[in-house]
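Engineer: give the three-dimensional model of this entry:
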Amino acid sequence: MKFHVTATNSAGQTKNTLSLGARFVRSLSTCFTVSTLSITLCGVAGADDSDFKIHSDTFLNGATLPTSMADQFAVNGVNTCTADGSAGGNTSPELSWENVPRDTRSFAVVMYDVTASFTHWGIYNISGSKHGLPAGAGVAGGNYGEQVPNDFGSTGYEGPCPPPGVVPYAHHYVITVYALDKELRLAVFANFPQNPDTLFNALAPAGAEGHVLARASIGGYFSATPAQ
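Structural biologist: Here you go, the predicted structure:
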C-alpha cells in the first residue's frame, strides 16, 4: 500500500508530493495544517474509522458554539470575542468518544479553526483507557494529557475569537480526536518552544507509519460579529 503526503499552499498549488510505503492502517484520511502549508495524509480508511465516533454535551455538531467556549479579550470593558460583548468562558468542551480501536494506547485531540487556519488546542498522550474529556480539560497544567501552546502562544485551550466585522463572519471550528497505538514523543529544544506544528509534525509520520488507528471529528461555528 502506498501513501501520499501532499503539501499545498493557500492558493491550492502543490508544493511537494512524496510517496511512502507503510503497513495497513484503519485510518489514514487525515489532514494537518502546518503554518501556511496544508499537509494531507491519504490512505484507505477501514471500518473502524467509520465506527469511531466523537460527541459533545457542550454543543451539537454543526451548530453554533456556546459562549462558554469563547475567548475573553476585553476592550473598554467589552469582550470583543462575542457578538454581544458578553463574557467568554474560555472553557474547552466536554468530549466523549466510542467504538475505540482495540489496540489504542493513547489519544490526541486538536481544535482547529478551518476558516482562519488557526489552532486553538492541542493535547496528546491522553490515556488509551479514557473515553472522553470533561469540560475544562484544556486548562493549563491539567493532568489529562500533554498540551502544546496554541497559536495564541498560550499552553492549553484558548477559545474562539474571530475578528468582528471581517468576512466571513462565522468561523468553522473542528475538533478531531486521533486514536493511536503508541504514545507520541514531541521534539523539545531549548530556546525554541513547542507550538501546534510540533504536534502536527509528530502526528503526520505516526499516521504514515500506521500508528493512527482511527480519527473522528465534530465541529461548530462561531461569530463575534453582531447579526446584520
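
Engineer: the helix or strand that residue 222 is a member of: how far from the chain's middle?
Structural biologist: Taking DSSP states H and E as the criterion, residue 222 maps to strand 212-223. How far strand 212-223 lies from its chain's middle: 7 Å, per Cα atoms, centre = their mean, to the nearest Å.

Engineer: report all helices and strands that that strand contacts.
Structural biologist: Helices and strands touching strand 212-223, by 3 or more Cβ pairs under 8 Å, 6 or more residues apart in numbering; DSSP states H and E, are helix 47-51, strand 53-55, strand 170-180. For glycine as for every other residue, the C-beta is placed from the backbone atoms N, C-alpha and C.

Engineer: list just the one of the ones you listed that sits closest to residue 110.
Structural biologist: Residue 110 lies closest to strand 170-180 among the helices and strands packed on strand 212-223, at 5.3 Å (Cβ to Cβ).

Engineer: pull up the pairing partners for that closest one, direction included.
Structural biologist: Strand 170-180 sits in its sheet next to strand 106-113 (antiparallel), strand 212-223 (antiparallel), going by DSSP bridges.

Engineer: now do the very next helix or strand once past the first one against strand 106-113, angle only.
Structural biologist: Right, the one you point to is strand 106-113. Helices and strands here follow DSSP H and E; after strand 106-113, the next one along the chain is strand 118-127. Orientation of strand 118-127 against strand 106-113 (axes from the mean of the first three to the mean of the last three Cα atoms, to 10 degrees) gives an angle of 170 degrees.

Engineer: rounded mean pLDDT for strand 118-127, please.
Structural biologist: The average pLDDT within strand 118-127 is 98.
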